[in-house]
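**Q** The following block contains a protein sequence and its predicted model.
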Amino acid sequence: MEAIKAIFSRRSIRKFTAESIGDETIEHLLRAGCAAPSAHNEQPWHFIVIRDRAILDEIPRIHPYAQMLKQTPVALAVCADHKLEKDTEADYWVQDCSAATQNILLAAHALGLGACWLGIHPRMKRKEAISKLLNLPEHVSPFCLIALGYPAEKKEPDDRYHPERIHQNQW
């Protein structure tokens, strides 16, 4: 799928089939995440591939918008390792992990998968509970989860371009 088509047609998918996703496909998605730009080229991200049904079923108890994880075969946790940051006052890790997440979402769509971005940061209760569930070291912050699977629903592209929100040179 060409990049522009993937950008304009990608939608959040919340219904999935039971079909599993192979390791090669997961690695392809992770490589897409790692190809994202990052501030100072720090690449602070770590990814946790979650296939354990008990963990996938527990997350919706922590995250109210993660109910679809009860039917997904896999989820990815995008995390930031603060030991990899050079500028610890700037929080560029949020931008870096956002870019990695968007790359994964676009790659998933291009590969025929459905995906949904589930925010964790900056909700402290979610961050603490997910950190505990995934046994994260203290210097690692969970940023988001990505629900992944083969889509059991089809959504039409949504034109979100609003010309009234476009400004030239100044507001």
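**A** Nice, thanks for sending it over. Numbers count the residues shown, from 1 in each chain.

**Q** among the helices and strands of the chain, which has the poorest mean pLDDT?
**A** helix 3-9 (a mean of 94; mean pLDDT, DSSP states H and E).

**Q** right, and the helix or strand after that one?
**A** helix 23-34 (DSSP states H and E).

**Q** what's that following helix packed up against?
**A** Under the contact criterion of 3 or more CB pairs under 8 Å, 6 or more residues apart in numbering; DSSP states H and E, helix 23-34 touches strand 45-50, strand 74-81, helix 92-110. All C-beta spots, glycine's among them, are computed from the backbone N, C-alpha and C.

**Q** again, only using 7 Å
**A** Applying 3 or more CB pairs under 7 Å, 6 or more residues apart in numbering; DSSP states H and E, we find helix 23-34 packed against strand 45-50, helix 92-110.

**Q** Provide the count of other residues in contact range of H28.
**A** When neighbours are defined as other CB atoms under 10 Å, H28 has 15 of them.

**Q** Packed most tightly, which of the helices and strands packed on helix 23-34 would that be?
**A** Mean neighbour counts were compared across those using mean count of other CB atoms under 10 Å; the top stretch is helix 92-110, at a mean of 21.

**Q** average model confidence for whichever helix or strand comes after it?
**A** Using DSSP H and E, the helix or strand that directly follows helix 92-110 along the chain is strand 114-119. Here strand 114-119 scores 98 as its mean pLDDT.
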